[in-house]
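**Student:** Return a 3D structure for these sequence lines:
(one chain, ligands or ions: 2)
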Amino acid sequence: MTEHEHSQGEPRKGATSGGLLPGLVKGLITTARVLGRPTHTTEYPDAQPYLPPRSQGVIALLEENCTSCMLCSRECPDWCIYIDSHKETLPATTEGGRERQRNVLDRFAIDFSLCMYCGICVDVCPFDALHWSPEFEYAEVDIKDLLHEKARLGQWMPTVPPPPALDPSSAEPQEITAANKPPRAAPEARS
Ligand code: SF4
Ligand code: SF4
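**Tutor:** Ligands and ions are numbered 1, 2, ... in the order given. Presented below is the predicted three-dimensional model:
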């Protein structure tokens with residue numbers, strides 16, 4: 001008989017009535033001890049869980065900030081951001097001025113069945129068009145329905161918490177300084 005076969009025939013340690021009874025009593029004592037303690041679980045969906053305000057639930061899109069630069073789509077490791085756009089020509093605003101071109105966003109979609117919530121797209125967007133929302137109740141029965149277009153991504157913007165207050169001793173943000181600059185004088189006034 002090999003050592004393995006021999007050990008299979010032996011009763012397991014603690015499985016005898018001598019080991020089982022103290023174990024049972026110990027288990028009952030533990031149950032009695034924790035029975036009166038408050039529970040740490042919530043009965044979702046009847047009770048909403050507490051989530052930190054900056055939870056990364058879903059990505060919201062502020063469409064008017066998006067310039068269709070494609071940076072988020074290129075940097076996404078899962079290639080789950082889909083962007084379509086076209087160019088639009090804007091007429092010159094001054095006499096003799098040049099026409100200008102700008103991108104118009106036709107489609108912006110994120111496939112949350114592929115997204116791994118890394119946040120790279122939010123971090124790389126140079127125009128603050130993508131934001132984390134703590135919203136998490138968007139589960140679907142069919143995985144294909146997790147592909148969300150810009151209209152749905154925009155609906156999550158109101159759930160995005162405002163940015164934290166600036167440190168009182170920090171320098172004034174460049175955007176505020178630029179906005180507070182007095183307008184340049186017209187050429188006639190200068191002469
Ligand atoms: S969070 Fe990451 S994986 Fe998801 S869309 Fe953004 S870059 Fe892609
Ligand atoms: S969301 Fe940001 S990074 Fe992505 S295309 Fe729009 S402006 Fe560019």
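**Student:** Run through the residues of the protein sitting next to ligand 2.
**Tutor:** Near ligand 2, the residues belonging to the chain are 66-72, 83, 125, 127, 129-130 when assessed by C-beta under 6 Å from any ligand atom. No exception for glycine: its C-beta is placed from N, CA and C like everyone else's.
**Student:** Give the ChimeraX command for selecting the buried subset of the residues you listed.
**Tutor:** Only the buried entries of the residues of the chain next to ligand 2 go into this ChimeraX selection, using 16 or more other C-beta atoms under 10 Å:
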select :66,67,68,69,71,72,83,125,129,130
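**Student:** could I get the residues of the chain next to ligand 2 as TSV with pLDDT and secondary structure?
**Tutor:** Shown next, in TSV, are the residues of the chain next to ligand 2 (pLDDT from 0 to 100; DSSP: H, G, I helix; E, B strand; the rest coil):
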residue	pLDDT	secondary structure
Cys66	97	coil
Thr67	96	coil
Ser68	96	coil
Cys69	96	coil
Met70	97	coil
Leu71	98	helix
Cys72	98	helix
Ile83	98	strand
Cys125	98	coil
Phe127	96	coil
Ala129	98	coil
Leu130	98	strand
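**Student:** Give me the longest helix you can find in this structure.
**Tutor:** Longest helix in the chain, counting residues (DSSP state H): helix 17-35.
**Student:** ok, which stretches of the chain are strands?
**Tutor:** 58-61, 81-90, 100-111, 130-133, 147-149 (DSSP state E).
**Student:** Tell me who's in contact with Val124.
**Tutor:** Residues near Val124 by C-beta atoms under 8 Å, 6 or more residues apart in numbering: 71-72, 75.
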